[in-house]
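Engineer: Provided below for reference: sequence and predicted model.
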Amino acid sequence: MAFQLNKSELWWIIVIGAISTTMLTSFGVNSERLEPLESDLANKNDSMNVEFLNIENSHIQQAFLDVVREYESLHDFNIELEQKPVKKSTMQAQPVVTFKGFFTGIKTYRIKVGEFVRDSDSLRVEQVPCEVLKGWFAHELGHVVDYAPYSNFGMIGFGLKYISSNKFKRKAEHRADQIAIDHDFHNEILATKVFILENDLLEDAYKEKIMKFYMSIEDVELCIEEKTPIEPKL
């Protein structure tokens, strides 16, 4: 799921952007590392700037690191994975706007992941099979790849279009699926869709949302066979 901006976040971005307009055309990043992770997975972080917030489960951490490793274009960015409630979804990707980012050129993106899969108060994300979890993460990181070329003002426009236009939202979600498939996560994307659409624990409204805005199981299978993008049905 792509990010959504509330009023306070939108105002914060506008204020910072107004102060730092001369820097909005700069997309340079550097390879400054975050502090090493304080876990057994720290040595597997390699050159990736990954930080876990409120997540100690090794299953979730390992699955996320395995997926990020394949997204080499994101390795110079700061990527945060935070476990906290996500409204109307299971995961959400969004840019993080900071004063430091404006002056250093380092971009930061955060993937929010709920404690439970949407619509369930018993199915924890940490209980989701590894292949399904990787497919979820691959889709969210597909959004991050999509965000990367945008300035902060550009992301405001992106966010407004996403929440106001179903056509734009459908294209964005299809694009995130396609980017994940292009990074060789086609089997994982397929596993995630099957898991959601055929899960009796999840409500029909969630499944209808997936069928409306995201690639269908059939489209993913066609992408695997043809290795060509499938345009969303508008």
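Structural biologist: Right, received. Where do you want to start?

Engineer: ok, the residue nearest in space to the middle of the chain to residue 79 distance?
Structural biologist: Geometric centre of the chain, nearest residue: residue 140, 2.2 Å, by C-alpha atoms, centre = their mean. Distance from residue 140 to residue 79, counting by C-beta to C-beta, to the nearest Å: 10 Å. To be clear about C-beta, it is placed using only N, CA and C from the backbone, and glycine gets the same treatment.

Engineer: ok, back up a step: hmm, the residue nearest to the centre of the chain is touching residue 92, no?
Structural biologist: Yes - using C-beta atoms under 8 Å, residue 140 is in contact with residue 92, at 7.4 Å.

Engineer: what do these two both touch?
Structural biologist: 1, 111 (C-beta atoms under 8 Å, 6 or more residues apart in numbering).

Engineer: thinking again about what came up before, checking the residue nearest to the centre of the chain next. Helix, strand or coil?
Structural biologist: helix (DSSP: H, G, I helix; E, B strand; the rest coil).

Engineer: in contact with it, which residues?
Structural biologist: Counting by C-beta under 8 Å, 6+ apart, residue 140 touches 1, 91, 92, 93, 111, 176.

Engineer: helices along this protein, start to end?
Structural biologist: 7-19, 58-70, 99-104, 130-147, 152-164, 166-182, 186-197, 204-213, 217-226 (DSSP state H).

Engineer: now do residue 156: how many residues are near it, please.
Structural biologist: 18 (other C-beta atoms under 10 Å).

Engineer: for residue 173, same thing?
Structural biologist: 23.

Engineer: I'd say it and residue 211 touch.
Structural biologist: No - if you go by C-beta under 8 Å, residue 173 and residue 211 don't touch, sitting 11.2 Å apart.

Engineer: returning to that earlier point: I'd like the distance between the nearest residue to the residue nearest to the centre of the chain once chain neighbours are set aside and residue 123.
Structural biologist: Nearest residue to residue 140, sequence neighbours excluded (C-beta to C-beta, 6 or more residues apart in numbering): residue 93, at 4.3 Å. Using C-beta to C-beta, residue 93 is found at 21 Å from residue 123.

Engineer: ditto for residue 135
Structural biologist: Counting by C-beta to C-beta - residue 135 and residue 123 are separated by 16 Å.

Engineer: more crowded one of the two?
Structural biologist: Between residue 135 and residue 123, residue 135 has the larger neighbour count (other C-beta under 10 Å), namely 29 against 16.

Engineer: doesn't residue 192 make contact with the more buried one?
Structural biologist: Yes - counting by C-beta under 8 Å, residue 192 is a contact partner of residue 135 at 3.3 Å.

Engineer: shaky segments in this protein?
Structural biologist: Applying pLDDT under 70 to the chain flags residues 2-47, 99-105, 225-234.

Engineer: before we move on, back to that, quick check: the residue nearest to residue 140 touching residue 144?
Structural biologist: Yes - using C-beta under 8 Å, residue 93 is in contact with residue 144, at 5.5 Å.
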